[in-house]
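Chemist: build me a model:
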Amino acid sequence: MGHDGHDHTHEANKKTLMLSFIIITGYMIVEAIGGFTTNSLALLSDAGHMLSDSISLGVALLAFTLGEKAANYSKTYGYKRFEILAAVLNGITLVLIAIYIFYEAIQRFQHPPEVASTGMLIIASIGLLINIFVAWIMMRGGDIEENLNMRGAYLHVISDMLGSIGAIIAALLIIFFDWGWADPLASVIVAVLVLRSGYYVTKSGLHVLMEGTPQNVNVNDVIQTIQNTKGIQGVHDLHIWSITSGLNALSCHAVVADQMSIAESERMLHQIEHDLEHKNIHHMTIQLETTAHLHDNSILCKVRAESSGHHHHH
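Modeler: Model prediction:
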């Protein structure tokens with residue numbers, strides 16, 4: 001994609017996120033007030049889930065904005081990691097919200113309170129329509145296929161629809177059958193969704209902070225791609241990590257023939273760069289060295305030797 005096209009998509013994503021964030025946050029406040037006034041835990045838990053949407057949309061928006069800040073000597077990668085730190089905080093918050101909902105639900109199963117079911121039904125129905133509208137805005141205006149940031153925010157909104165549907169069903173069960181337990185039951189179902197979101201967001205964020213290999217990168221494929229490049233004799237000291245979602249980095253040492261010229265090594269590096277872009281590697285640092293300078297101090301050592309069946313000891 002050209003630079004202009006990338007900028008246009010970036011701006012479109014930002015505008016879509018801003019609009020979605022305003023709508024979701026506004027209705028989350030309405031739903032929380034509605035939950036308190038109608039005494040519905042299902043509505044309150046759905047508002048908690050909407051809060052998670054609001055946070056994830058806000059984080060995505062902030063990540064786009066902070067990501068534009070230039071790198072400096074203090075932050076050589078810029079501020080792109082902020083998104084991951086905020087995502088971990090978001091995930092932990094979701095887990096705590098879910099635990100609180102479970103605790104409240106247990107109390108309500110034992111002593112079901114009076115719930116203003118008609119008000120609950122109206123608020124939950126409007127909540128469902130709001131979620132459908134926001135999902136439509138994101139599908140129309142945002143890049144939910146390629147951009148991980150946008151996709152994560154979109155999936156949050158989709159899962160929140162289930163919370164609204166749960167609250168609607170609970171309200172109908174209370175209205176028609178007077179099943180007071182339907183409200184805490186619906187809230188437990190939403191709490192499971194919130195807990196699941198929180199767990200995966202926290203796990204993914206911690207994986208990035210621990211410099212783990214990105215989920216969308218196949219290490220063996222990357223190794224083969226480098227090794228199959230004409231002129232490469234071996235690869236070692238290979239590291240692949242994420243700077244932030246959608247920005248994967250690689251560093252390695254590549255062994256080349258002693259007599260290779262600068263022009264040949266330039267051509268080879270361009271070839272590897274081009275090939276690895278198709279393997280979801282966006283930023284790479286490759287140190288070329290000859291067999292004479294080959295040394296053995298790597299963490300992931302002698303991929304070449306291991307792949308040919310030889311065992312190497314440190």
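Chemist: in space, what's closest to Tyr27 - neighbours in sequence excluded?
Modeler: Of all residues not flanking Tyr27 in the chain, Ile130 sits nearest, at 4.7 Å (CB to CB, 6 or more residues apart in numbering). Backbone N, C-alpha and C define where each C-beta goes, glycine included.
Chemist: which SSE is the one you found in?
Modeler: Assigned by DSSP states H and E, Ile130 belongs to helix 117-141.
Chemist: buried sites along that helix?
Modeler: Neighbour-count burial for helix 117-141 flags 117, 119-121, 123-124, 127-128, 130-131, 134-135, 137-138, 141 (criterion: 16 or more other CB atoms under 10 Å).
Chemist: same thing with stretch 238-257?
Modeler: 238, 240-250, 252-256.
Chemist: now, those that are in strands?
Modeler: 238, 240-244, 247-250, 252-256 (DSSP state E).
Chemist: max pairwise distance over the buried residues of helix 117-141: which two?
Modeler: Ser117 and Gly141 (36.1 Å; CB to CB).
Chemist: average pLDDT for the helix or strand in which Glu104 is found?
Modeler: Applying DSSP H and E as the criterion places Glu104 in helix 82-110. The pLDDT scores in helix 82-110 average 85.
Chemist: that helix: how far from the chain's middle?
Modeler: 17 Å (CA atoms, centre = their mean, to the nearest Å).
Chemist: how about stretch 176-194?
Modeler: 28 Å.
Chemist: so which residue is smack in the middle of this protein?
Modeler: Gly152 (5.1 Å; CA atoms, centre = their mean).
Chemist: show the pLDDT at that residue.
Modeler: On pLDDT, Gly152 comes in at 71.
Chemist: element containing it?
Modeler: Assigned by DSSP H and E, Gly152 belongs to helix 148-177.
Chemist: the longest helix along the chain - what's its average pLDDT?
Modeler: Criterion DSSP state H: the longest helix present in the chain is helix 3-38. Per-residue pLDDT values across helix 3-38 average out to 82.
Chemist: for stretch 263-270, same thing?
Modeler: On average, stretch 263-270 scores 90.
Chemist: quick one: buried residues of that stretch?
Modeler: Buried residues in stretch 263-270 (16+ other CB under 10 Å): 265, 268-269.
Chemist: and stretch 203-214, how far out from the chain middle?
Modeler: Using CA atoms, centre = their mean, the offset of stretch 203-214 from its chain centre is 11 Å.
Chemist: just the residues contacting that stretch, thanks.
Modeler: Contact with stretch 203-214 is made by 84-85, 87-88, 91, 215, 219, 239-242, 244-245, 248, 280, as judged by CB atoms under 8 Å, 6 or more residues apart in numbering.
Chemist: grab the nearest non-local neighbour of Tyr100.
Modeler: Here the residue nearest Tyr100, using CB to CB, 6+ apart, is Gly48, at 8.0 Å.
Chemist: number of nearby residues for that neighbour?
Modeler: The tally of other residues near Gly48 (other CB atoms under 10 Å) stands at 26.
Chemist: ok, it touching Glu104?
Modeler: No: taking contacts as CB atoms under 8 Å, Gly48 lies outside contact range of Glu104: 10.3 Å.
Chemist: returning to what we had before: quick one, what contacts the residue nearest to the centre of the chain?
Modeler: Gly152 sits in contact with 56, 60, 201, 245, where contact means CB under 8 Å, 6+ apart.
Chemist: can you redo these as a markdown table with pLDDT and secondary structure?
Modeler: Formatted as a markdown table, those follow (pLDDT from 0 to 100; DSSP: H, G, I helix; E, B strand; the rest coil):
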| residue | pLDDT | secondary structure |
| --- | --- | --- |
| Ser56 | 77 | helix |
| Ala60 | 76 | helix |
| Val201 | 81 | helix |
| Ser245 | 74 | coil |
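Chemist: only the buried members of those: can you turn that into a ChimeraX selection?
Modeler: To isolate the buried members of these in ChimeraX, using 16+ other CB under 10 Å:
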select :56,60,201,245
